[in-house]
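**Q** quick one, fold the following:
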Amino acid sequence: MTPITEDRSGPRVRRSLVAGQFVIAGIGAYVFAESVGLGLWTELGPGPGFFPCVLGAALVLLSLAWHLQERRVGAQSSEVAEPTDPSHVRAVVLSLLVLAAAIPFIGFQVGVFLFLMYHLKRRARISWLKSLVIALCGSVGVYYLFTLGLNVGLPSATVPPLSLIGL
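**A** Residues are numbered from 1 along each chain as shown. Here you go, the predicted model:
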């Protein structure tokens, strides 16, 4: 018996890819159009349509980029996707569950910092310096982007040592 390989240059596969890209772009355009009517900004910060508008636009742009990439590289590439390591999937899901449970106690900044450090240093084996810089920007930077830039409150720590220093 011969193994079945995916032929990405076949007309059936190409049509289904284009159809999928079209559907995703259509959903993004619909979300974008509907969210503008909800209001993008209020005097208190982002309105109810702000994030759906951003996500709808992202869906349209990413599906367009996917389409252009497939047209440019799709006919030349006949690689079969590499299999996903189940232990990696379990580690990500479990760490997200731990993060969701810990955020009310240790706050957004510390929780996301620890989450990113675990994945960057332990799972991806990135150097300490790069891991620290990325984790600090990802936790503290995103916290201030949401709280100061978008006026969206994120959880602060309730554990006394962390809450006393403003984390």
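**Q** find the centremost residue of the protein, please.
**A** In the chain, the C-alpha closest to the average C-alpha coordinate belongs to L55, at a distance of 10.8 Å (C-alpha atoms, centre = their mean).
**Q** okay, and that residue sits in which element?
**A** Counting by DSSP states H and E, the secondary-structure element that holds L55 is helix 50-73.
**Q** what's the answer for L97, then?
**A** Secondary structure assigned from DSSP H and E places L97 in helix 86-117.
**Q** for that helix, buried residues please.
**A** Using 16 or more other C-beta atoms under 10 Å as the test for burial, helix 86-117 gives 95, 99, 102-103, 106-117. Quick note: C-beta positions are derived from backbone N, CA and C, even for glycine.
**Q** what packs against that helix?
**A** Applying 3 or more C-beta pairs under 8 Å, 6 or more residues apart in numbering; DSSP states H and E, one finds that helix 86-117 makes contact with helix 128-136, helix 142-144, helix 160-164.
**Q** turn those into CSV, including distance to P83.
**A** Putting the helices and strands packed on helix 86-117 into CSV (distance: least, C-beta to C-beta, whole Å) gives the following:
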stretch, distance to P83
helix 128-136, 27
helix 142-144, 32
helix 160-164, 40
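**Q** that older thread, quick check, pLDDT for the residue nearest to the centre of the chain.
**A** Confidence at L55, expressed as pLDDT, is 91.
**Q** of the buried residues of helix 86-117, which is the nearest to L136?
**A** Out of those, the one with the shortest distance to L136 is F113. That distance is 6.9 Å, counting by C-beta to C-beta.
**Q** thought that closest one was touching C137?
**A** No - the pair formed by F113 and C137 falls short of the contact definition of C-beta atoms under 8 Å, at 10.0 Å.
**Q** tell me the one among the buried residues of helix 86-117 nearest to V73.
**A** The shortest separation between V73 and any of these is 30.7 Å, and it belongs to L116 (by C-beta to C-beta).
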